[in-house]
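Chemist: need coordinates for the following:
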Amino acid sequence: MHLQPRPHNWWEFTPKNSTQTKRGLLQPRVLGVSLASGWEPSGGEQVAHTCEFASLDTRLARLSLVKLNILQVKLDKSAGPFGRALRFAFYDWTRDMPADRRWLTMLGLLIQLGALVLALYARGSKPFMFLSLVIYMGGLCLLNGMLTSEFVRKIQLEADQIAAEKIQRTLHPQKLQDLPGYRVETFYKPLRGVGGDYFDVIELSNGRTLFALADVSGKGMPAALLAANIQALVRSISNIVSDPEGLAKQVNNHLCRYTPPERFATAVFAVLSPETGELRYVNAGQNPPILSAPHRTTLLESTGMPLGLVPQAVFQSQTVVIPPTGKLLLFTDGLTDGIAGENPEESICEAIARPESTISNLQTLLSPKFNDDDITMLLLTRLVPE
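Modeler: You can find the predicted model right below:
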């Protein structure tokens with residue numbers, strides 16, 4: 001991993017072997033770290049910023065370990081049939097057990113194996129055959145006890161998962177408020193029962209509308225908890241800090257303070273002025289939203305780094321205008337990962353450029369073969385005034 005200088009005092013972080021990244025692994029994207037406006041390298045300020053980048057490098061190094069672990073799991077799954085059979089026989093079916101139960105389960109298997117070996121060497125001797133039978137039944141009872149205990153634990157976890165899924169569904173907007181002159185469509189599909197994607201549409205007190213979308217690192221319950229945390233924070237401060245750069249700063253500082261270093265989130269905060277179509281946004285390391293206008297398509301590139309990596313990071317906002325018939329698509333990387341082909345972004349741009357396209361047209365691009373992440377889309381279309 002390395003930091004590459006960019007114009008206007010921005011930095012770009014990419015993996016060293018970015019050309020070798022595949023679906024589901026680390027995606028190269030801009031992670032902006034802005035230096036203070038007008039900063040000139042001199043004396044103590046230079047030392048302070050050097051320390052800031054050292055802190056960034058440390059957190060990115062920790063993230064690299066997480067990504068390498070993901071890569072290792074995918075490499076293990078590529079083993080041959082014999083290797084996968086051995087792994088299932090001695091590891092896969094017990095890997096979710098607590099350590100003590102896993103060892104007791106293995107002990108039950110070994111006891112049964114020992115009993116079978118004893119029966120082979122008994123050569124018809126009734127005492128040894130009876131002893132091997134007793135030993136085998138003891139191992140079988142131990143194994144069945146551990147498996148029954150794990151079965152009960154899994155049922156309890158499944159009940160908790162179902163409850164969490166219902167709660168997360170209530171946290172996402174079920175029915176969006178009408179936005180005169182616009183059509184808002186959303187799509188959310190977690191990979192598991194719950195997911196780490198978050199989206200929201202919030203009406204602000206000044207007549208503007210906030211569109212928020214975030215993608216938390218990881219999957220499942222841990223990611224869903226952090227996504228709910230971000231949602232609660234955004235809803236609580238959006239009418240106090242309504243500018244997108246202020247929102248990004250507040251969420252970033254909160255995550256840096258209260259979450260582990262390996263947990264972070266990419267996000268987009270966009271504030272729309274409905275009358276003029278003006279959109280002011282911050283892209284914190286998220287997939288570039290796509291603004292489709294007649295005869296022109298614009299990618300809203302990153303203007304800051306992901307949330308939760310560096311305390312007091314600086315975020316910059318950009319402004320664009322959504323023209324009549326124009327469309328804005330916010331999405332997480334699950335959409336691009338779920339589309340076949342070498343250039344999924346091009347397929348997305350072509351799909352939303354069609355005059356009558358809706359979010360249903362985008363869903364038809366998804367291939368179940370490549371679906372290995374949460375998928376979230378928010379499509380905003382500005383209607384032609386009557």
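
Chemist: show me where the protein has strands.
Modeler: Using DSSP state E, the strands assigned to the chain run over residues 2-6, 10-14, 182-189, 197-203, 209-216, 265-273, 278-284, 290-293, 296-299, 318-321, 327-331, 375-382.

Chemist: partners of the fifth one, with directions?
Modeler: Sheet neighbours of strand 209-216, with direction, are listed as strand 197-203 (antiparallel), strand 265-273 (antiparallel) (DSSP bridges).

Chemist: to Ser242, which of the ones you listed lies closest?
Modeler: Smallest distance to Ser242 across the strands paired with strand 209-216 (C-beta to C-beta): 6.6 Å, for strand 265-273. C-beta here means a position set from N, CA and C on the backbone, and glycine is covered the same way.

Chemist: how far off strand 375-382 does the closest one point, in degrees?
Modeler: Following axes from the mean of the first three to the mean of the last three C-alpha atoms, to 10 degrees, one obtains 10 degrees for the angle between strand 265-273 and strand 375-382.

Chemist: only C-alpha atoms, please: export strand 265-273 in PDB.
Modeler: Provided in PDB are the C-alpha atoms of strand 265-273 (Å, rounded to 0.1, in the frame of the first residue of the first chain):
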ATOM      1  CA  ALA A 265     -17.400   3.200   6.200                       C
ATOM      2  CA  THR A 266     -17.600   4.800   2.800                       C
ATOM      3  CA  ALA A 267     -20.500   7.200   2.300                       C
ATOM      4  CA  VAL A 268     -22.100   9.800   0.200                       C
ATOM      5  CA  PHE A 269     -24.000  12.800   1.700                       C
ATOM      6  CA  ALA A 270     -25.900  14.900  -0.900                       C
ATOM      7  CA  VAL A 271     -28.100  17.900  -0.100                       C
ATOM      8  CA  LEU A 272     -30.600  18.800  -2.900                       C
ATOM      9  CA  SER A 273     -32.300  22.200  -3.400                       C
END
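
Chemist: relative to Met137, how far out is Val117?
Modeler: 16 Å (C-beta to C-beta, to the nearest Å).

Chemist: most tightly surrounded among the strands paired with strand 209-216?
Modeler: Among the strands paired with strand 209-216, strand 265-273 has the highest mean neighbour count (mean count of other C-beta atoms under 10 Å), at a mean of 25.

Chemist: I'd like the mean pLDDT over that strand, please.
Modeler: Mean pLDDT, strand 265-273: 95.

Chemist: same question, stretch 295-311
Modeler: According to the model, stretch 295-311 has a mean pLDDT of 92.

Chemist: quick check: buried residues in it?
Modeler: 297, 300, 302-310 (16 or more other C-beta atoms under 10 Å).

Chemist: just to revisit the earlier point, among the strands of the chain, which comes closest to Arg153?
Modeler: Nearest to Arg153 among the strands of the chain is strand 209-216; the distance by C-beta to C-beta comes to 25.9 Å.

Chemist: so that closest one versus strand 182-189, what angle?
Modeler: Going by the same axes, to 10 degrees, strand 209-216 makes 20 degrees with strand 182-189.

Chemist: low-confidence stretches in the protein?
Modeler: Applying pLDDT under 70 to the chain flags the ranges 1-80, 83-93, 386.
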